[in-house]
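Asker: Mind looking at a prediction? Sequence and model below.
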Amino acid sequence: MHITFHENTRIFHLYNDDISYIMTIMRNGHLGQLYFGKHIKDKEDFSYLLETCERPMTSYLYENDRTFSLEHIRQEYPVFGTTDYRQSAVEIRQENGSRISDFTYRSHIITEGKPLLLGLPATYTEAPKEALTLTVTLEDDVTKVRAQLLYTIFAKGGIVARSVRLSNEGPRPVRLCRAMSLCLDLPDRDYVWQQLSGCWARECHIRSRALEPGILSIGSMRGNSSHEHNPFLVLKRPDTTERRGEAIGFSLIYSGNFRIQAEVDAHDTLRVLAGIDPETFEWKLDRSETFQTPEAIMVYTDSGLNHMSQTFHKLYQKRLARGYWRDKARPILNNNWEATYFDFTQDRLIEIASRAKECGVELFVLDDGWFGARSSDRAGLGDWKANKTRLPDGIAGLADRVEDLGLKFGLWFEPEMVNKDSDFYRQHPDWILSTPDRNQSHGRYQHVLDFSRKEVVDAIYEQMSAILRDAKISYIKWDMNRSITECYSSAWPADRQGEIYHRYILGVYDLYERLTREFPKVLFESCASGGGRFDPGMLYYAPQGWISDNSDAVERLKIQYGTSMCYPVSSMGTHVSVTPNHQVFRNTPLHTRANVACFGTFGYELDLNKLTQEENEEVKEQIAFMKKYRKVLQFGTFYRLMSPFEGNETAWMAVSEDQKTALVGWYRVLNCVNGRYTRLRLEGLNPSYYYRNSQSGVCCFGDELMYAGMITSDETAGQLPPDITPYTDFESRIYVLEVTEP
Ligand code: DGJ
């Protein structure tokens with residue numbers, strides 16, 4: 001890994017074995033983008049890659065020169081309002097009303113490792129040699145605002161991490177109206193745009209389209225990153241597949257309002273911008289103040305989408321997620337939500353936990369409804385004290401009883417919310433986000449606490465930490481069940497109201513930071529009505545997240561497949577639930593529900609007492625299987641093999657680091673009569689290792705399994721001999737491949 005600065009040509013070249021990122025200081029002092037892609041050899045001069053030429057109907061920067069227009073130059077940090085008519089990365093409103101700035105090069109520094117971003121989640125290094133960071137300092141002469149552009153290249157992988165620090169070194173306050181984390185100008189638009197979009201219970205569906213002139217964007221203005229669009233984008237070449245071809249993934253490490261967009265101009269060049277949503281953002285930067293943008297990650301590959309995803313998985317698993325649980329196999333849990341909803345007593349919970357223990361579950365999680373006057377979603381949020389009518393021994397007493405059963409105990413919170421029917425709200429009616437003289441809209445009868453105020457975060461911290469100190473709690477599910485409306489904080493002056501969405505998220509991060517620091521062994525799982533805030537920002541604090549409230553196995557195929565584009569299997573909360581399923585009322589076989597959930601953190605969202613004895617035995621086997629293979633399933637190299645968005649069958653697999661064990665998940669939605677012969681060409685195996693297939697008993701070398709394929713055909717429905725159990729709809733299998741002696 002290197003970062004080279006060629007003095008004569010004023011060219012920066014960041015490179016490792018996989019990628020090159022090349023930029024230059026242009027003659028107007030701005031930074032120009034020359035190349036981002038597969039590694040190319042370093043040399044002194046790449047300046048000719050900066051194409052400037054005369055074009056009609058263009059505005060030029062210099063008198064007597066009709067070549068230098070920012071409109072036609074690929075840039076690193078484009079500004080608003082001076083010869084470039086595309087959307088800019090930064091826009092600063094000054095006291096005189098002008099929004100023009102002119103950031104020119106001042107200095108740069110190359111450091112080992114990677115700096116932390118104050119108050120914000122970000123990727124990190126554990127040893128200085130893991131990465132190099134280039135910080136380029138630019139300044140605007142008029143306002144004296146300084147922009148520091150941070151670029152980190154890691155020793156391995158096609159990754160560049162970027163963010164921007166804006167400091168006001170001038171005498172007057174300015175307003176940031178737009179402060180994007182990343183701009184990448186590419187020389188052509190020959191890409192397919194691929195996003196992860198959906199809505200509640202249908203998150204992270206893969207949607208693709210070709211780029212055309214104009215702007216294509218995804219984003220959120222809800223205060224949370226949202227069910228609707230994940231802060232992630234892929235630009236892939238039209239012929240790129242899972243196995244081969246070029247792609248660039250863009251991921252924003254942020255949990256609030258965001259925007260990621262691509263703008264194709266008249267000459268088919270392409271500008272990608274990613275950062276905080278400019279529409280809902282404004283930040284007053286007083287003298288000597290600094291604003292740090294969230295971090296954005298770019299991953300380049302020329303080896304297909306699986307390879308791009310694996311690069312993200314490794315980075316986010318090892319150098320974004322932190323703490324005690326980062327590398328550990330996750331406990332198999334039983335959550336009571338779909339088993340009881342609000343209708344439970346202490347004894348009923350113990351009954352559920354006892355049977356769970358018998359089946360091999362390791363962690364019992366008490367979901368919503370344990371606190372204050374919470375007997376429905378109309379009351380109680382904000383009062384984080386056990387409801388003694390339901391739980392006479394309190395949380396500490398219940399946790400002790402669960403621990404006595406030999407299980408760990410986990411608890412649900414929704415820290416950012418309050419019901420008006422709560423003591424907390426009655427004491428602090430001005431602690432919710434709401435605009436004076438306007439309606440206070442609710443979502444699920446709840447209101448959003450003003451986490452832009454430290455005293456509000458402090459008060460919730462006091463309540464949560466008191467419980468965590470008092471009771472044996474090993475896990476917290478941190479939920480968030482509505483988006484922000486009427487965003488306004490009574491604690492901040494009028495000219496700071498544009499900051500509230502961002503300050504809110506900083507408050508959420510602050511509470512997470514305090515709790516994870518004080519209780520480092522507690523496993524945090526983030527949740528926002530499922531995947532409403534499943535993003536890299538959350539992963540920094542909570543190494544796993546509940547990716548969807550939809551627990552139907554068939555629906556989950558698409559959700560998990562889409563989520564895997566960016567996020568590792570170890571981060572995906574996945575549970576087996578009852579049939580008929582509570583979201584789509586579908587009946588799927590128990591083994592299929594487990595076969596989907598085992599590519600995730602794995603747990604049960606039901607009362608095992610309500611299953612038959614036979615089903616309980618099956619559950620015991622599932623849990624034993626998961627315990628045996630979870631390290632490979634959750635931390636192995638993950639490959640997508642067949643897409644649920646393209647047909648009736650889905651397949652994916654995980655391969656252990658030593659390539660000696662692989663687990664292949666195969667799923668068929670509808671049964672078919674007298675079906676075709678099918679094979680799966682596997683990936684990631686060692687061609688010379690000899691593998692035994694647990695399903696068929698057949699042994700093959702890895703090369704055969706990858707190039708000839710593994711047979712998945714079966715006797716599909718029709719006229720079957722009486723001794724064969726017929727397959728039905730929603731069939732699935734897990735093939736275990738383990739190395740054996742030839
Ligand atoms: C939404 C979550 O996604 C569910 O799993 C559950 O915790 C409910 N909230 C509880 O209100």
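Answerer: Good, I have the coordinates.
Asker: Chain neighbours aside, what residue packs nearest to the residue of the chain found nearest the ligand?
Answerer: Evaluated by CB to the nearest ligand atom, the chain has Asp368 as its residue closest to the ligand, separated by 3.5 Å. Backbone N, C-alpha and C define where each C-beta goes, glycine included. Leaving out its chain neighbours, the residue that sits closest to Asp368 by CB to CB, 6 or more residues apart in numbering is Trp412, at 5.3 Å.
Asker: Please look at the residue of the chain closest to the ligand and Glu414 and confirm they touch.
Answerer: Yes. Here Asp368 reaches Glu414: they are 7.4 Å apart, a contact under CB atoms under 8 Å.
Asker: Quick one: classify Arg630 as helix, strand or coil.
Answerer: helix (DSSP: H, G, I helix; E, B strand; the rest coil).
Asker: Pull the contacting residues for it.
Answerer: Listed by CB atoms under 8 Å, 6 or more residues apart in numbering, the contact set of Arg630 reads Ala329, Arg330, Ile332, Cys598, Phe602.
Asker: And for Arg326?
Answerer: Applying CB under 8 Å, 6+ apart, we find Arg326 in contact with Gln317, Lys318, Pro543.
Asker: cool, and Gly157?
Answerer: So Gly157 contacts Asn16, Asp18, Val299, Thr311, Lys314, Leu315 (CB under 8 Å, 6+ apart).
Asker: what's the model's confidence in the strand or helix carrying the third one, averaged?
Answerer: In this case it means Val299. Taking DSSP states H and E as the criterion, Val299 maps to strand 295-301. Across strand 295-301, pLDDT averages out at 98.
Asker: Name every strand pairing with that strand and say which way it goes.
Answerer: According to DSSP bridges, strand 295-301 forms sheet pairs with strand 159-168 (antiparallel), strand 247-253 (antiparallel).
Asker: ok now the following helix or strand past that strand, how far from the chain's centre?
Answerer: For strand 295-301, the succeeding helix or strand toward the C-terminus, using DSSP H and E, is helix 304-319. Taking the mean of its C-alpha atoms, helix 304-319 sits 12 Å from the chain's own mean (CA atoms, centre = their mean, to the nearest Å).
Asker: What helices and strands are in contact with helix 304-319?
Answerer: Helix 304-319 sits against strand 229-236, strand 247-253, strand 295-301, strand 637-642, with contacts defined as 3 or more CB pairs under 8 Å, 6 or more residues apart in numbering; DSSP states H and E.
Asker: Could the C-alpha coordinates of that helix be exported in CSV?
Answerer: Only the C-alpha atoms of helix 304-319 are listed here, as CSV (Å, rounded to 0.1, in the frame of the first residue of the first chain):
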residue,chain,number,x,y,z
GLY,A,304,-17.8,-9.5,-9.8
LEU,A,305,-20.4,-8.6,-7.2
ASN,A,306,-19.6,-11.4,-4.9
HIS,A,307,-16.1,-10.2,-4.6
MET,A,308,-17.3,-6.6,-4.0
SER,A,309,-19.7,-7.8,-1.2
GLN,A,310,-17.0,-10.0,0.4
THR,A,311,-14.7,-6.9,0.6
PHE,A,312,-17.5,-5.0,2.4
HIS,A,313,-18.3,-8.0,4.6
LYS,A,314,-14.7,-8.3,5.8
LEU,A,315,-14.3,-4.6,6.3
TYR,A,316,-17.5,-4.2,8.2
GLN,A,317,-17.1,-7.4,10.2
LYS,A,318,-13.5,-6.7,11.3
ARG,A,319,-12.9,-3.0,11.0
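Asker: Let me see the residues that make contact with the helix or strand following it.
Answerer: Downstream of helix 304-319, the first helix or strand assigned by DSSP H and E is strand 333-335. With CB under 8 Å, 6+ apart as the test, strand 333-335 has contacts from 352-353, 356, 361-365, 367, 410, 475, 477, 575, 601-606, 608.
Asker: circling back to that earlier point, within the sheet, what are the partner strands of the helix or strand harbouring the residue nearest to Asp368, with directions?
Answerer: Assigned by DSSP H and E, Trp412 belongs to strand 408-413. The pairing partners recorded for strand 408-413 under DSSP bridges are strand 363-366 (parallel), strand 475-478 (parallel).
Asker: Mind listing what's buried along the helix or strand following the first one?
Answerer: Toward the C-terminal end, the helix or strand that comes next after strand 363-366 (DSSP H and E) is helix 394-404. The neighbour-count check on helix 394-404 (16 or more other CB atoms under 10 Å) flags Gly394, Ile395, Ala396, Leu398, Ala399, Arg401, Val402 as buried.
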